[in-house]
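Peer 1: Fold the following.
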Amino acid sequence: MIRHTGHAHFKCKICGKDFAYPSLFRIHQRTHSGEKPYECKQCDKAFARSSDLQIYGRMHTGEKAYECKQCGKAFTQASGLQSHEKNHTREKPYECHQCGKAFARSSDLHRHEKIHTGEKPYECKQCGKAFARSSYLQIHGRTHTREKPYECKQCGKAFARSTDLQTHGRTHTGEKPYECKQCGKAFATSTVLHRHERTHTGEKPYECKECGKAFAMSTNLQIHARVHTGEKPYECKQCGKAFARSTFLHRHERTHIGEKPYECKECGKAFAVSTNLQIHARVHTGEKPYDCKQCGKAFATSSYLHSHEKTHTGEKPYDCKQCGKAFATSSYLHRHGRTHIGEKPYECKQCGKAFARSANLHRHGRKHTGEKKYECKECGKAFTQSSGLHSHKKFHTG
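Peer 2: Purely as a prediction, here's the structure:
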């Protein structure tokens with residue numbers, strides 16, 4: 001295996017790679033043999049090099065030995081600090097020849113190029129899903145094993161990826177180190193900042209080959225593709241209901257346990273997901289940040305805006321497979337589907353009456369509470385439903 005040359009080099013007979021020192025050559029041999037003699041005492045993860053074990057150990061201890069001199073941010077690895085420092089200099093010497101996008105690291109460019117080629121050489125042996133990077137495959141493997149080795153010391157929540165733990169940590173500290181240069185809005189992660197920046201530029205580089213719909217994020221394109229394929233890979237263990245997204249599954253699971261950890265400080269209303277709380281807060285602030293470019297109408301959420309935009313285009317891309325009726329949004333199609341199967345998941349806690357839509361349940365609930373939120377401006381008479389008010393107004397107009 002070792003061949004000593006006249007230039008004090010050691011050549012690998014398997015791949016032909018040269019090494020100047022025998023120690024480096026021995027470490028390299030392990031990439032072929034798979035040997036990993038250095039094992040973490042806390043979680044049993046093994047490594048081919050002792051230095052990799054030392055770096056990994058900082059995940060458990062939280063040690064961050066490499067600190068940025070400009071902003072004080074600390075990292076577990078020197079490479080992480082070097083990459084971060086380029087954020088201050090904005091140096092991005094590696095440019096993609098296909099789209100012109102520039103990167104601070106050559107490895108980031110290589111990773112990006114796979115978006116254009118579609119290359120995904122790493123395949124999951126359990127489900128066949130393929131990935132562009134081996135690290136993504138390893139992380140994906142935890143969806144099968146349910147392994148979550150990274151635990152938050154403050155609240156005990158566990159994660160499959162160390163980066164998710166680091167991001168989660170900011171929910172406790174409130175740290176938002178990534179700021180938008182155009183509007184000043186700050187974010188906990190750089191990926192969320194990049195996603196936000198596209199709201200200013202309008203860039204949507206990821207296009208669906210089936211229907212032509214474009215997205216600002218590749219993950220949204222992948223999730224959207226399931227509308228065409230019908231794939232729902234995330235299944236609830238309690239009731240068997242399947243979902244297209246893991247976040248939808250986690251949200252659904254809370255319906256079984258009744259957990260609503262996100263509470264509004266203004267009115268006390270609680271929510272199962274944080275995004276619903278953020279959207280709800282706009283009821284109090286009156287904020288409607290999403291404007292229709294055609295008519296100027298403003299909306300509290302981007303989904304409401306997208307649904308509204310279809311009233312201008314007349315687009316109805318979601319067809320019911322049973323009756324052929326078309327809808328502007330997938331949620332309208334899902335709601336319509338209940339008319340065929342008779343599903344009524346929203347039940348009144350007071351009388352047991354069930355409804356296909358949550359809005360109908362809220363409307364029904366007013367019969368028990370006596371609430372009449374729709375008031376006639378002419379005579380002051382109040383009604384529990386808007387339809388009752390519209391009918392009443394006809395008496396004034398004749």
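Peer 1: pLDDT-wise, which helix or strand of this protein ranks last?
Peer 2: Least confident helix or strand of the chain, by mean pLDDT, DSSP states H and E, is helix 78-89 with a mean of 76.
Peer 1: C-terminal to that one, what's the next element?
Peer 2: strand 94-95 (DSSP states H and E).
Peer 1: Direction included, what does that following strand pair against?
Peer 2: Here strand 94-95 has these sheet partners by DSSP bridges: strand 102-103 (antiparallel).
Peer 1: which other residues reach the partner strand?
Peer 2: Strand 102-103 is contacted by residues 92-96, 109, 112 when judged by Cβ atoms under 8 Å, 6 or more residues apart in numbering. Backbone N, C-alpha and C define where each C-beta goes, glycine included.
Peer 1: ok, and for stretch 179-196, which residues are buried?
Peer 2: Residues 187-189, 193, 196 are the ones in stretch 179-196 that count as buried (16 or more other Cβ atoms under 10 Å).
Peer 1: Oops, could you answer that again for stretch 382-392 instead?
Peer 2: Buried, per 16+ other Cβ under 10 Å, within stretch 382-392: 383-384, 389, 392.
Peer 1: Give me the residues contacting stretch 220-227.
Peer 2: Around stretch 220-227, the neighbours that count as contacts under Cβ under 8 Å, 6+ apart are 206-208, 210, 213, 215, 231-232, 244-245, 318, 330.
Peer 1: typo on my end, it should be stretch 36-53
Peer 2: Residues outside stretch 36-53 that contact it (Cβ under 8 Å, 6+ apart): 27, 30-31, 35, 56-57, 60, 149.
Peer 1: Report the buried members of the residues you listed.
Peer 2: Judged by 16+ other Cβ under 10 Å, buried ones among these: 27, 56-57, 149.
Peer 1: got the domain boundaries for the protein?
Peer 2: Domain assignment for the chain by automatic domain parsing gives 10-48+56-61, 66-302, 346-397.
Peer 1: Going through the contacts of strand 102-103, which ones are buried?
Peer 2: 94, 109, 112.
Peer 1: ok, back up a step: would you mind putting the contacts of stretch 36-53 into TSV with pLDDT, distance to residue 312 and secondary structure alongside?
Peer 2: Below are the contacts of stretch 36-53 laid out as TSV (pLDDT from 0 to 100; distance: Cβ to Cβ, whole Å; DSSP: H, G, I helix; E, B strand; the rest coil):
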residue	pLDDT	distance to residue 312	secondary structure
27	84	62	helix
30	84	61	helix
31	83	57	helix
35	86	63	coil
56	80	53	helix
57	78	57	helix
60	76	54	helix
149	85	49	coil
